[in-house]
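Chemist: Below are the sequence and a predicted model for it; my questions follow.
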Amino acid sequence: MTWLAAHLERGSAFVAEAHGEVAGFAVYGPWRELEGYRHTVEDSVYVREGRHGLGIGSALLAALIAAAREAGHHVVIAGIESENASSIRLHERFGFQCVGVIPEVGTKFGRWLDLTLMRLALS
């Protein structure tokens, strides 16, 4: 609950609802806790299985970017598992640019995963 409370307090949590159930959510939060990074945030967008391709991710990301810009942030960072082509395309449609790939920093189902870092300048 602390995690959600922090996002709600700063206005950085967004939920998409369809037919009375949560279809997806998006949040942004500090990219790094150090003072020098206070103008940079990291996003996370999740769309429920079976709800992909309906514009939910786009609506959530649009709201998130608008709120981050309004809050005075300078850059949004997206860290996306490199094989998640749909999330990479979604971020590209909103102007995010790939700034690098970090190999084998995550693991899931017994295999190592690469992380694609993307960046959007807000100002």
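Modeler: That came in fine, so what should we check first? Numbering: from 1, shown residues only.

Chemist: from here on, contacts and neighbour counts on C-alpha atoms
Modeler: Fine.

Chemist: Now name the helix or strand holding A26.
Modeler: When secondary structure is defined by DSSP states H and E, A26 falls within strand 21-30.

Chemist: for S87, same thing?
Modeler: helix 85-93.

Chemist: Which positions within that helix qualify as buried?
Modeler: S87, I88, L90, H91 (16 or more other Cα atoms under 10 Å).

Chemist: for the helix or strand just after the strand holding A26, what is the average pLDDT?
Modeler: Downstream of strand 21-30, the next assigned helix or strand under DSSP H and E is strand 40-47. In this model, strand 40-47 carries a mean pLDDT of 96.

Chemist: In its sheet, which strands sit next to strand 40-47, and in what direction?
Modeler: Sheet neighbours of strand 40-47, with direction, are listed as strand 21-30 (antiparallel), strand 75-81 (parallel) (DSSP bridges).

Chemist: now the angle from that strand to helix 85-93?
Modeler: Using axes from the mean of the first three to the mean of the last three Cα atoms, to 10 degrees, the inter-axis angle of strand 40-47 relative to helix 85-93 is 130 degrees.

Chemist: next helix or strand past strand 40-47?
Modeler: As assigned by DSSP H and E, the chain's next helix or strand after strand 40-47 is helix 56-70.

Chemist: How about residues contacting that following helix?
Modeler: Counting by Cα atoms under 8 Å, 6 or more residues apart in numbering, the neighbours of helix 56-70 from elsewhere in the structure are 11-16, 23-28, 41, 43, 45-47, 76, 90, 94, 122-123.

Chemist: Quick one: mean pLDDT over it.
Modeler: 97.

Chemist: ok, and for it, which residues are buried?
Modeler: Buried-residue list, helix 56-70, by 16+ other Cα under 10 Å: I56, G57, S58, L60, L61, A63, L64, I65, A67, A68, R69.

Chemist: so where's this structure shaky on pLDDT?
Modeler: Segments of the chain classed as low confidence (criterion: pLDDT under 70) are 1, 3-4.
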